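K.L.:
Structure, please.
(2 chains)
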Amino acid sequence: MLSEFLNAAFLVALVAATFRMVTPILFTAIGLLVVNRGGIVDLSTEGVMLMGALAGFTAAYYSGSLWLGVLVGALTGGAISLLTAFLVVILKMNQSVSGIAINMLAAGLSFYLFRLIYGSSGETVPTVSTFDPLPIPLLSEIPVIGKVFFSQYALTYLAFIMVVLVWAFLYKTKSGLVIRCTGDNPRTVDTKGISVNLVHTALLVFGGMMYGIGGAFLPLVATGLYVPGISAGRGWIAIAIVIFGNFRPFRVMFGALLFGFLDALQLQIQGIGIDFPYQLLIALPYVLTIIVLIIGGKSSGKPLHLGIPYHRE
Amino acid sequence: MQQKSQPILQIENQTKRFGNVLANENISMQVCGGEIHCLLGENGAGKSTLAECLYGFYRPDSGKYTFKGKEFKPRSPRDAIDAGIGMVHQHFVLSPPMTVIENIVVGTESDGIWLDLKSASEKVAALCSDYDLDLELDTIVGQLPVGRQQWVEILKALYVGVDLLILDEPTASLTPQEVEKLFEILQKMKTKGLSVILITHKLHEVMEISDRVTVLRKARLVGTVNTIDVTRETLVNMMVGRTVSFQVAKKIKTPGRAILELRDLHVLKDNGLDGVKDFSLSICENEIVGLAGVAGNGQSELFDAIVGVRQLQNGQILLSGEDISNDSPDMVIKKGIASIPPDRMTQGLLMGFPIKENLILGRHRVAPFKKGIELKYRVIEQFAEQAIEHYEVVATSGEQIAKTLSGGNLQKVILARELSHDPRFVVASSPTRGLDVGAMEYVHKRLVELRDSGIGILLISEDLDEVFNVSDRIAVIYNGEAMGILNREEATREGVGLLMAGFRGGGG
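P.N.:
Take a look at the predicted model:
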């Protein structure tokens, strides 16, 4: 039995699947990271991912263009976060409560709109043909490594590129410094004549777009069809991963990879049909999330002003 | 100051309201090039509002600024910065986890999108050597002492280039040595031709550093005078509108036996680190012991431990020889310890409750205020009426909600509650913070009366003037440790300042 685990084909498939499973979480987590670094708590990720998935799928289904689907997913996410921004930036409402409200609204809306657009279940299930992998020329020819790392989907590459871009933006640009300082003490930028509201709104819209792409990945790459509740808690897990990653881009990436790995592992083990209750396997990543938060929950990197509405008093 | 230089700034007829509160009414003043100009007034006189309008934080309702010969209409701090006005705010505006240089550079205009800390560091290093500031630019700001953090604030302004620097109550949390260093920096700025507006309510600072003083009282301009032409007494008159005695009249009393003894106290902060370590101090009858120290050096943990809301890890608290260590707050009150907490709004009172109920907090479970499970409102109301009269609380009746009272009146309600039940010992923490001179005088008078009547008092205060004014002995706390205790007569501000900064062997 152990030999089955360790054969090369299994491992290659496992690692390749890890990257696929990590993509939606990584998009959402890295978007949320930027929002959090600016000092905003955003709990709407799960609902926004669902709406991004539905809108992206629908656009792709009717237009036949998968990339248009990705774009519409992003724009939908951005639009919903604009509503979040109205509540927490303009009205200065409690950020956790607003986030949960938006989350419930978006999640509920995704169920409702799905029924409205596609009718009730039982009829033919609408599908799209998913993205093909995009092997990178030359690099994908390398034995094993090429297959694992360089034969992924375009969106998967993009997610990892976003990690690097967000890191460079936060730590190497002037705007990045403004965002980091806003998260610790918004007055530092207010007294320099920079609008804190504008910074916060921009961050939320960027974050929303990232959650939207994360959501759209699911039907457009992973499944090819839209199922209500398709994000399956990944939005919540992204929140946990940002905390686990101590609000640092590369640590967040590793956290996401860990979760993606377990998710892939449970799928692969189910695939080879070992006699083990599959319900436990499915639960594995979620259990890990809790364990990881217990162990690494002390986040020294937490922005000091996180979650506190900014009033110029 | 004789008109030796042209005014760099002219404020004409500024008026600013917040809702229906008038913060500035028709204020006009001039600041000359290369002068240090103090803006003096009590809390709430409108000093900060004036400055914040000038810095573009608020927009005045009416009025006109002329800066460097041109009309100046700031719509945001950016306009003020661009024009050459900098401001050091009362509460530091820093991001503690970031480095010094990051805090200085953030939000400044320069070409390109990339952060160039290297060339910025060179520029700041040059400023540091100009002003004789010894500062590591890649230190985390949160690890710097308060005095150094203020240098960062000043460097922020100098980095973008200012002609006029406004400092709002810059000495509030500094040790005397740090104040001296700050004044050296301001003098250097003056010799370089920069103008400084220094907002303060401390008279000795005005006398020491300023060329001219503009005094505000109750949102209005009282006048501008040359510092050399006036005395402290004149300034106080202008500021308060009447004469005030600084020195509280105290009878000579010989301290009696020890009433409260603190022995080797060890108390933790909320984050589990040491708040107070091996702290011993005893306070006698007929005595006020002032405990000086920079904020955050263990004062609040010590206060909490005495009133019973924070667990002792080690050590003993004795009240007239009886061990009261780790007694519940309720027991501590019953045994005769009265307390005036550092924050009246969050710790001292329930702001949404009427005065009468605030007056019996902590005694709501004892006769005559309750009988069985019932509160005796008739008795409570009578008590409130007497207390309001006796403690000169300006209020319509005991029914008035606490949050509608001014700071001074809130403090009187606390005094009335705490002192009406014959305490044996009083611990008062920053009892006059944020109060105007009149209310401050009142509180000090009451404390001294208590002392004269035989009670022992521990006065925890960050305000050295207060400590020197009313104490019989002065103790200093630094980093949770007792740094020594001095008799009032042998203590000097410099000596106490050294102890506050952690140098033993200061003192007299």
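K.L.:
going forward, measure contacts between C-alpha atoms and count neighbours the same way
P.N.:
Noted.
K.L.:
pLDDT below threshold where in the chain?
P.N.:
With no chain named, the answer covers chain A. Within chain A, the stretches with pLDDT under 70 are A:1-6, A:120-123, A:273, A:296-298, A:313.
K.L.:
You answered for a different chain; I wanted chain B.
P.N.:
B:1-5, B:244-247, B:505-508.
K.L.:
Any residues of it in contact with chain A? List them.
P.N.:
For chain B, the residues in contact with chain A (C-alpha under 8 Å from any C-alpha of the partner chain) are B:57, B:76-79, B:81, B:93-98, B:102-103, B:106-108, B:113-115.
K.L.:
Please check these and keep the buried ones.
P.N.:
The neighbour count (16 or more other C-alpha atoms under 10 Å in any protein chain shown) marks B:57, B:76-79, B:81, B:93-98, B:102-103, B:106-108, B:115 as buried among these.
K.L.:
how about the residues of chain A near chain B?
P.N.:
A:172-175, A:177-178, A:181, A:184-185, A:187-194.
K.L.:
Tell me which other helices or strands the longest helix that chain A contains touches.
P.N.:
If you go by DSSP state H, chain A has its longest helix at helix A:8-37. Under the contact criterion of 3 or more C-alpha pairs under 8 Å, 6 or more residues apart in numbering or on different chains; DSSP states H and E, helix A:8-37 touches helix A:45-63, helix A:145-149, helix A:154-172, helix A:174-184, helix A:196-217, helix A:234-244, helix A:249-271.
K.L.:
Identify all contacting residues around the next helix-or-strand element following the last one.
P.N.:
Going back to what we said before, that points to helix A:249-271. Counting by DSSP states H and E, the next helix or strand C-terminal to helix A:249-271 is helix A:278-296. With contacts defined as C-alpha atoms under 8 Å, 6 or more residues apart in numbering or on different chains, helix A:278-296 is touched by A:237, A:240, A:241, A:243, A:244, A:259, A:262, A:263, A:266, A:267, A:270.
K.L.:
can you check stretch A:52-62 too?
P.N.:
Residues beyond stretch A:52-62 that count as contacts (C-alpha under 8 Å, 6+ apart) turn out to be A:65-74, A:76-77, A:110, A:114, A:126-128, A:211-220, A:225-226, A:230.
K.L.:
And stretch B:346-355, by the same measure?
P.N.:
B:340-342, B:345, B:358, B:384, B:397-403, B:413-414.
K.L.:
Which parts of chain B belong to which domain?
P.N.:
B:7-240, B:258-336+B:423-500 (automatic domain parsing).
K.L.:
Straight-line length of the shortest one, end to end?
P.N.:
Between the opening and closing residues of domain B:258-336+B:423-500 lies a distance of 25 Å (C-alpha to C-alpha, to the nearest Å).
K.L.:
before we move on, what about the longest one?
P.N.:
Start to finish, the residues bounding domain B:7-240 are 28 Å apart (C-alpha to C-alpha).
K.L.:
What is the burial count for the closest residue to residue A:82 other than its chain neighbours?
P.N.:
Nearest residue to residue A:82, sequence neighbours excluded (C-alpha to C-alpha, 6 or more residues apart in numbering or on different chains): residue A:205, at 5.9 Å. For residue A:205, the neighbour count with other C-alpha atoms under 10 Å in any protein chain shown is 24.
K.L.:
Same check on residue A:310?
P.N.:
So residue A:310, with other C-alpha under 10 Å, has 20 neighbours.
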